[in-house]
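A.B. asks: Build me a model:
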Amino acid sequence: MEEKIKPEGRVIFTSWTKIEAKTGEGEIVSLSCRPDEADEVKGFFRSKVCNVMSPETRKVKGEGGFHQYTRYDIHQHCYAGGRGYIEVLEIKNPPEGRCGFIINEYKPYDRSFFTEWNKIEDAVTAYDSLWGSCGNDKTFPKIDGFKRLVYCNELTPWFYAVGEEEIIGDYAFPQGLQDDPVYRIGKKFIVYDTVDKFSKIKTCMGARVFLSKDAQNPHRVSHHRFVYWDDGSMYDGRYCYEKHPPRPVNENEEWITEAIGDFYRLLSGEKTSFSVKFTNGDEFVGKIKPASKSPCAEGRYNLKVVIKGGEVLEGYVDFKPKLEAQDVVKAVVVNYEKKGIEVEKVEVTSGNVERGGKKWAGVFYQP
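C.D. replies: Here you go, the predicted structure:
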């Protein structure tokens, strides 16, 4: 007997037979298989399978005003919505290796994401304190019980898979998303990130091509390609990005692009060091060596300032780091220099740092 394998991985049987098999718990299931393997299939169901459940697409349960469809048993504990929405979900039957306690936040004009939590109580507590806030993707990771954050944007998170949609990584993929001759799933590309303003290595998660009619000429049809990446971002072919179109990664180019990205993060203060591993095993390590140990966090500081000539001044100053003065000592010196006064010494006697205030980080200050 011969069988063929289709491009998307499915097998086409040239002959089969219908059988009934009994699971380990006594459930009878009807199925079809190759004729010469009927006994083997029956034995497998009897010894290896407890029961068989067909995924049923249904609405999420809960008290909120908006419920999506899913094939999982999900209870919505909290919900708030406007132009976007944020919700707390408890997935009763997550697949093996998946977290069942989720905060899902959708924003139509910003980066959508979901976060995983150790317990449903942790997720509810985080929601109660921050449900109306901006920048939760930066705040949630600092809260007790946080496990992981995944950006989705235009991709569907795995827990909202319906019907027979396949789950790949953290996302649900409808049929046809991967059928593109160039942008195939799993292939790596160098993509210019329009948010961070430098190129990154991204893995393609599939593409779609849409047809649209020209507003001026309805007989003219244009093809627009949307490409989805593994970080949840999307390349919109309608705008072309002529200066920075995505392109496949060339040999020995991946480590160079990653090193450049790490250096940009070092300059912006996201990282304090980075390393590059070469093909021969050598490693380059770069890090920032602070030029000053003076306090650089926003707050109120008590100071003792010695003016040239011996005059001593004492008092407090409210400090906020700026490009011209990254720490409180430098700020005092610069302030007196503008008045034509030379400072010999600045001593910080005490300080009260403002919680959540600005702080100098990296090479360039980020306001």
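
A.B. asks: Helices of the stretch 151-300 of the chain, start to end?
C.D. replies: Secondary structure of the stretch 151-300 of the chain (DSSP state H, counting those that start in this stretch): helices at 254-268.

A.B. asks: Domain map for this protein?
C.D. replies: As assigned by automatic domain parsing, the chain contains the domains 3-48, 58-160, 176-249, 299-353.

A.B. asks: among those domains, which is the most enclosed?
C.D. replies: Highest mean neighbour count among these (mean count of other CB atoms under 10 Å): domain 58-160, with a mean of 17. Where C-beta positions appear, they are placed from N, C-alpha and C, glycine not excepted.

A.B. asks: re the thing from before, got the domains of the chain as a markdown table, with mean pLDDT and distance to residue 167 columns?
C.D. replies: Listed next are the domains of the chain as a markdown table, based on pLDDT from 0 to 100; distance: least, CB to CB, whole Å:
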| stretch | mean pLDDT | distance to residue 167 |
| --- | --- | --- |
| domain 3-48 | 78 | 14 |
| domain 58-160 | 90 | 5 |
| domain 176-249 | 78 | 12 |
| domain 299-353 | 81 | 45 |
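
A.B. asks: Distance to residue 262 added to those, as TSV?
C.D. replies: Shown next, in TSV, are the domains of the chain (distance: least, CB to CB, whole Å):
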stretch	distance to residue 262
domain 3-48	36
domain 58-160	19
domain 176-249	10
domain 299-353	22
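
A.B. asks: For residue 283, which of those domains is the nearest?
C.D. replies: domain 176-249 (18.9 Å; CB to CB).

A.B. asks: neighbouring strands for the longest strand along the chain, and are they parallel or not?
C.D. replies: The residue-count maximum for a strand in the chain (DSSP state E) belongs to strand 198-213. Sheet pairing of strand 198-213 (DSSP bridges) gives strand 188-193 (antiparallel), strand 221-229 (antiparallel).

A.B. asks: what angle do that strand and helix 254-268 make?
C.D. replies: Angle, strand 198-213 to helix 254-268, by axes from the mean of the first three to the mean of the last three CA atoms, to 10 degrees: 110 degrees.

A.B. asks: residue ranges of the strands in the stretch 1-150 of the chain, please?
C.D. replies: In the stretch 1-150 of the chain, the strands defined using DSSP state E, counting those that start in this stretch lie at 3-5, 11-13, 17-22, 28-33, 58-59, 61-62, 69-70, 74-81, 85-91, 101-106, 113-117, 146-151.

A.B. asks: any chance of the ones you listed in JSON lines, with distance to residue 180 too?
C.D. replies: Listed next are the strands of the stretch 1-150 of the chain as JSON lines, based on distance: least, CB to CB, whole Å:
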{"stretch": "strand 3-5", "distance to residue 180": "20"}
{"stretch": "strand 11-13", "distance to residue 180": "22"}
{"stretch": "strand 17-22", "distance to residue 180": "36"}
{"stretch": "strand 28-33", "distance to residue 180": "32"}
{"stretch": "strand 58-59", "distance to residue 180": "31"}
{"stretch": "strand 61-62", "distance to residue 180": "36"}
{"stretch": "strand 69-70", "distance to residue 180": "26"}
{"stretch": "strand 74-81", "distance to residue 180": "31"}
{"stretch": "strand 85-91", "distance to residue 180": "31"}
{"stretch": "strand 101-106", "distance to residue 180": "26"}
{"stretch": "strand 113-117", "distance to residue 180": "25"}
{"stretch": "strand 146-151", "distance to residue 180": "22"}
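
A.B. asks: closest to residue 52 out of the ones you listed?
C.D. replies: Across these, residue 52 has its closest neighbour in strand 28-33 (5.0 Å, CB to CB).

A.B. asks: I'd like to know which elements the closest one is packed against.
C.D. replies: strand 17-22, helix 38-48 (3 or more CB pairs under 8 Å, 6 or more residues apart in numbering; DSSP states H and E).

A.B. asks: what's the longest one in contact with?
C.D. replies: This means helix 38-48. 17, 19, 21, 22, 23, 24, 29, 31, 33 (CB atoms under 8 Å, 6 or more residues apart in numbering).

A.B. asks: On the three-state scheme, the residue of the chain positioned farthest from its centre is what?
C.D. replies: Using CA atoms, centre = their mean, the residue of the chain lying farthest from its centre is residue 309. It sits 57.4 Å away. Secondary structure assignment for residue 309 (DSSP: H, G, I helix; E, B strand; the rest coil): coil.

A.B. asks: Over to it: give its phi and psi.
C.D. replies: When read as degrees, to the nearest 10, the backbone of residue 309 gives phi 110, psi -10.

A.B. asks: Contact partners for it?
C.D. replies: By CB under 8 Å, 6+ apart, the contact set of residue 309 is empty.

A.B. asks: Kindly provide the distance from it to residue 338.
C.D. replies: Plainly put, residue 309 is 18 Å away from residue 338 if you go by CB to CB, to the nearest Å.
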